[in-house]
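>>> Take a look and give me a structure for this.
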Amino acid sequence: TTKGLSYRIMGKTGFKVTSVGFGCMVTSDASVISRAADIGINYFDTCRSYRHGNNERLVATGLKGRRQNVYLSSKTDGTTKAAALQELDTSLSELGTDHLDIWYLHLKNKPEELPDELFEAQQIARQQGKIRYAGVSTHKARDMAPFLIKKGATDVMLATYNFSMEKASTEEM
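Numbers count the residues shown, from 1 in each chain. This is a model prediction of the structure:
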């Protein structure tokens, strides 16, 4: 245990991750990622499309030599099985790793945005050893959680949350 950091078990994964992970979306300096890893942050999240496709390379640079000590997730914007699997291969290459700990179907806010073929892509990737766990990221957790639980094909749901969002969401009701 690193001094001052707390850990939590991440859902069904069993991963013991720092209670604060590092979302790399707006990061433009690999040294910031390196520093986060140096102080003990052990969960890093990126996406194939972040920073116009350049974020995964930046994350790879920041985590160079540390892959075995961190949990790494990325996301696909692919809308078909073939497109998603192609993006995964590109992500693995850009990140300089042979697998992702979690691979998310990115920004899915309605069940109809998740055709079965995308879940099939995740199953194929897991069978090939390219991912350990399958996830879905969403900005509409209240709408998506019941669907994903019923579907039973998702290990992790990544939901956006900001304290300022709560008021807006209750006003919409």
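
>>> Only C-alpha atoms, please: export the longest helix along the chain in PDB.
Once the chain is assigned using DSSP state H, the helix that runs over the most residues is helix 81-95. The C-alpha atoms that make up helix 81-95 are tabulated as PDB, following Å, rounded to 0.1, in the frame of the first residue of the first chain:
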ATOM      1  CA  LYS A  81     -18.000  -5.800 -34.600                       C
ATOM      2  CA  ALA A  82     -15.400  -5.400 -37.300                       C
ATOM      3  CA  ALA A  83     -14.800  -1.700 -36.600                       C
ATOM      4  CA  ALA A  84     -14.500  -2.300 -32.900                       C
ATOM      5  CA  LEU A  85     -12.100  -5.100 -33.200                       C
ATOM      6  CA  GLN A  86     -10.000  -3.100 -35.600                       C
ATOM      7  CA  GLU A  87      -9.900  -0.200 -33.200                       C
ATOM      8  CA  LEU A  88      -8.900  -2.600 -30.400                       C
ATOM      9  CA  ASP A  89      -5.900  -3.800 -32.400                       C
ATOM     10  CA  THR A  90      -4.900  -0.200 -33.100                       C
ATOM     11  CA  SER A  91      -5.300   0.600 -29.400                       C
ATOM     12  CA  LEU A  92      -3.100  -2.300 -28.300                       C
ATOM     13  CA  SER A  93      -0.400  -1.200 -30.800                       C
ATOM     14  CA  GLU A  94      -0.600   2.400 -29.800                       C
ATOM     15  CA  LEU A  95      -0.500   1.600 -26.100                       C
END
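
>>> immediately after it, which helix or strand?
Using DSSP states H and E, the helix or strand that directly follows helix 81-95 along the chain is strand 100-105.

>>> Can you tell me which helices and strands that following strand packs against?
Strand 100-105 makes packing contacts with strand 71-76, helix 81-95, helix 116-127, strand 131-138, strand 156-159 when contacts are defined by 3 or more Cβ pairs under 8 Å, 6 or more residues apart in numbering; DSSP states H and E. Where C-beta positions appear, they are placed from N, C-alpha and C, glycine not excepted.

>>> Tell me which of these sits nearest to residue 54.
Relative to residue 54, the nearest member of those by Cβ to Cβ is helix 81-95, separated by 8.7 Å.

>>> So what touches that closest one?
Defining contact as Cβ atoms under 8 Å, 6 or more residues apart in numbering, one finds that helix 81-95 is touched by 46, 48, 56-57, 59-60, 72, 74, 76-78, 98-100, 103, 105, 117-118, 120-122, 124-125, 130-131.
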